[in-house]
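*Asks:* Attaching a predicted model along with its sequence, questions to come.
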Amino acid sequence: MRQRPRRILLRKLLLRTQSNKRLWPALITLCAGTVMLLCSIILWTSFRDILSGRYDKDSIDGTYLTVSKPISSEGKITEQKQALFTNTEIRALGSIPGVQDIGMFTPGRFPVEVSFSGEDRSFSTSLFIESVPDRFIDNKPLDWYWQYSSNEVPVIISTEFLNLYNFGYAPNEGVPQLTRATISSLVFKLKVGKGEMADIFDARVVGFSDRISSILVPEAFIEYGNKKLAESKATPPARLILLVKDPSDKLFTEYISERGYVANGELMRLSRLRTIVSAASGGIGLLALILLFMSSSVFLLFAELTLAKAKHNLRLLMEIGYSPRFLARFIYIRYFFIVLAVMVAAGAVTIFLQVRAAKAVLELGLYISTFPEWEVWAALSAIAILMAGFVYRTVVNAVR
Amino acid sequence: MVFNQGEHVLVLGPSGSGKTLLLETLYGLRKDFEGKIHWSAFNMHEISAAQLSQLRAASVSMVFQDMRLFDELTVWDNIDIKRRLTDTVSAYDAEQWLIRLGMKEKLEVPVSTLSFGEQQRVAIVRALVQPFEWLLMDEPFSHLDFFNRQKAISLIKEVAEYTRAGLMVTSVVENEDFIYDKKILL
């Protein structure tokens, strides 16, 4: 006699249905609704991550903001002082909730001239140098220090300067474009001060900053120069660098705009986008919830219909000795695994989308997590638990 | 009224006298009765669903008048789904019992295609493939011819004697083949 497993017999009696064609669309819609809801959360968390620079290893913007005052009238010496920050203003900025650190740019108050002599080309130009506290420097190189006896001065320049040279100046003038490695291998002559007081150092570019648009040298070098060679008195800083928890925070952005301060343009634009993104993710989330409600209703209706069709067999099984608890468990496990499969599929699709999104925004120079955040998993678990609960209630009601 | 283990009881009465009602009440299918029914420790008024299924799986078995088989299953699957509930009767024994009742050629046939007489024989074997202290049978031979009735009664007696179980049979007429200790007239 051919023995058939009992679960096969029970499935034949209790879970056989003619309406599988209705089940698949319900499951696909349930999966789509779940993915949509998770995507709305991903949209929200990703934008939050972009603004907070959480995964931004190079800190293009990160939570670091450069703040300056607007130049209201170009070239007028009388108004120059207004573009500087007073101690009161710096303290006020530091006291805004969310501002975690504040640093000042210290300019060199002495003449600086840099020159380079190559085999076929040489140049010389005067420029300015600044310093910021070391903790604000992104990708701080190991050799980022200077001491009085040292003849070589490390320099960090803004990546933007290199870009300007490579994509603006070099093609125009017909000179070769330079890689970071090439620039780092060149040794420049750095002349600070005037006349007899002047000192000459070797200068080498040791790093490139995405965060700070300036030519930076170690603080110790600026201190030395300002002490020995300064031609003017110390002035308050014209630019500040801020470490901000959430640069799109309303309190912070309002403070900045009310006083007319100028912060990193792109970041502030992203901050304004936050409202739009929040509304968009909220809208998608709402749609997803409606879709979830409808698809889960269809799925539960399908389960109810299947169990209603099996009511006669269910009663008969109980009459020959099967316990309601056993039968409920048997049916519940089947539906539980269907729900679980849908949730696993939704999770897999979400991971795939997140990876693709992370790659796509990376090309735009933005950084988000390549794996869904805990909020996504929490939402997925919540949907799974809710669905499992509803299915349990449906099964228990049918078997009772 | 007390029924003791191993007794054979005949419930006799004309159609509509309440024979089926009595057996269904004893089996726990109905609770709309006055008075008290006890199966050993179980009070049938207060028995829980879990206790009732335990009683039906291990102590009291029943052959229904309307058979109550699963139409979508084969003869063997109808037996096996009950047998697997307790696994106290071997598949070999169950198959042999079906063969004794002349169902050898029908084992893999859906019960929906069987005659009433054949269905009744399947229902009888199904009631036997579990441990029981009492076997309730509601007009179990009503569709069986003389020879098949003899075979069925012989099998039932054999199994019941082996387990020292009590038998309760309803009938509209006196049954000469069924030897009883008690008779209830309705």
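*Replies:* Yes, it's here. Note that the structure is predicted; figures quoted are calculated from it, not measured. Numbers count the residues shown, from 1 in each chain, chains lettered A, B, ... in the order given.
*Asks:* Can you tell me the SS state at residue A:123?
*Replies:* strand (DSSP: H, G, I helix; E, B strand; the rest coil).
*Asks:* In contact with the residue nearest to it when sequence neighbours are not counted, which residues?
*Replies:* The shortest distance from residue A:123 to any non-neighbouring residue, by C-beta to C-beta, 6 or more residues apart in numbering or on different chains, is to residue A:116 (5.6 Å). No exception for glycine: its C-beta is placed from N, CA and C like everyone else's. Neighbouring residues of residue A:116 by C-beta atoms under 8 Å, 6 or more residues apart in numbering or on different chains: A:122-124, A:186, A:188-189.
*Asks:* how many other residues sit next to residue B:118?
*Replies:* A count of nearby residues for residue B:118, using other C-beta atoms under 10 Å in any protein chain shown, gives 21.
*Asks:* scratch that, residue B:83
*Replies:* With other C-beta under 10 Å as criterion, residue B:83 counts 22.
*Asks:* Up against chain B, what does the stretch 1-150 of chain A have?
*Replies:* Where the stretch 1-150 of chain A comes near chain B, counting by C-beta under 8 Å from any C-beta of the partner chain, the residues are A:1-4, A:6, A:9-10, A:12-13, A:16.
*Asks:* mind redoing it with 7 Å?
*Replies:* Contact residues (C-beta under 7 Å from any C-beta of the partner chain) of the stretch 1-150 of chain A with chain B: A:1, A:3-4, A:6, A:9, A:12-13.
*Asks:* which one of those residues sits closest to residue A:153?
*Replies:* For these, the residue nearest residue A:153 by C-beta to C-beta is residue A:6; the value is 83.5 Å.
*Asks:* Need the per-residue pLDDT for residue A:80.
*Replies:* If you check residue A:80, the pLDDT there is 52.
*Asks:* same check, this time on residue A:152
*Replies:* Here, the pLDDT recorded for residue A:152 equals 92.
*Asks:* pull the longest helix from the chain.
*Replies:* Looking at chain A here, since you left the chain open. helix A:265-309 (DSSP state H).
*Asks:* nope, chain B please
*Replies:* helix B:146-163.
*Asks:* what are the ranges of the helices in chain A?
*Replies:* Residue ranges of the helices in chain A, as given by DSSP H, are A:6-14, A:20-52, A:87-94, A:159-164, A:170-173, A:180-185, A:219-229, A:250-258, A:265-309, A:311-319, A:324-363, A:374-399.
*Asks:* got CSV for those helices, with mean pLDDT too?
*Replies:* Below are those laid out as CSV (pLDDT from 0 to 100):
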stretch, mean pLDDT
helix A:6-14, 91
helix A:20-52, 85
helix A:87-94, 88
helix A:159-164, 87
helix A:170-173, 85
helix A:180-185, 88
helix A:219-229, 90
helix A:250-258, 83
helix A:265-309, 83
helix A:311-319, 94
helix A:324-363, 92
helix A:374-399, 94
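*Asks:* Rebuild those as TSV, extending it with mean neighbour count and distance to residue A:68.
*Replies:* Compiled in TSV, these are given as follows (neighbours: other C-beta atoms under 10 Å in any protein chain shown; distance: least, C-beta to C-beta, whole Å):
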stretch	mean neighbour count	distance to residue A:68
helix A:6-14	17	72
helix A:20-52	20	21
helix A:87-94	13	12
helix A:159-164	15	15
helix A:170-173	10	29
helix A:180-185	12	27
helix A:219-229	18	19
helix A:250-258	15	11
helix A:265-309	16	11
helix A:311-319	17	76
helix A:324-363	17	28
helix A:374-399	16	36
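*Asks:* returning to that earlier point: next structured bit after the longest helix of chain B?
*Replies:* strand B:166-171 (DSSP states H and E).
*Asks:* what's the following helix or strand after that following strand?
*Replies:* strand B:182-185.
*Asks:* tell me which strands and helices that following strand is in contact with?
*Replies:* The elements that strand B:182-185 packs onto, with contact taken as 3 or more C-beta pairs under 7 Å, 6 or more residues apart in numbering or on different chains; DSSP states H and E, are strand B:8-12.
*Asks:* send the alpha carbons of stretch A:326-343 over as CSV?
*Replies:* Taking Å, rounded to 0.1, in the frame of the first residue of the first chain, the C-alpha atoms of stretch A:326-343 are listed here in CSV:
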residue,chain,number,x,y,z
PHE,A,326,-3.3,20.5,16.2
LEU,A,327,-5.3,21.5,13.1
ALA,A,328,-5.0,25.2,13.8
ARG,A,329,-1.2,24.8,14.1
PHE,A,330,-1.1,22.8,10.9
ILE,A,331,-3.0,25.4,9.0
TYR,A,332,-1.2,28.4,10.7
ILE,A,333,2.3,27.0,9.8
ARG,A,334,1.4,26.9,6.2
TYR,A,335,0.1,30.5,6.1
PHE,A,336,2.9,31.6,8.3
PHE,A,337,5.5,30.3,5.8
ILE,A,338,3.7,32.0,3.0
VAL,A,339,3.9,35.3,4.9
LEU,A,340,7.5,34.6,5.8
ALA,A,341,8.4,33.9,2.2
VAL,A,342,6.7,37.2,1.1
MET,A,343,8.6,39.1,3.7
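*Asks:* circling back: so what's the residue nearest to residue A:123 scoring on pLDDT?
*Replies:* 85.
*Asks:* I'd like the distance from it to chain B, if you could.
*Replies:* If you measure residue A:116 against chain B using C-beta to the nearest C-beta, to the nearest Å, the figure is 91 Å.
*Asks:* Contact partners for residue A:9?
*Replies:* B:73, B:77, B:81 (C-beta atoms under 7 Å, 6 or more residues apart in numbering or on different chains).
*Asks:* change it to 8 Å
*Replies:* Counting by C-beta under 8 Å, 6+ apart, the residues that residue A:9 touches are B:73, B:77, B:80-81.
*Asks:* quick check, nearest of those residues to residue A:257?
*Replies:* residue B:81 (75.7 Å).
*Asks:* these two touch, right, the closest one and residue B:74?
*Replies:* No. Using C-beta atoms under 8 Å, residue B:81 is not in contact with residue B:74, being 10.5 Å away.
*Asks:* No further questions, thank you.
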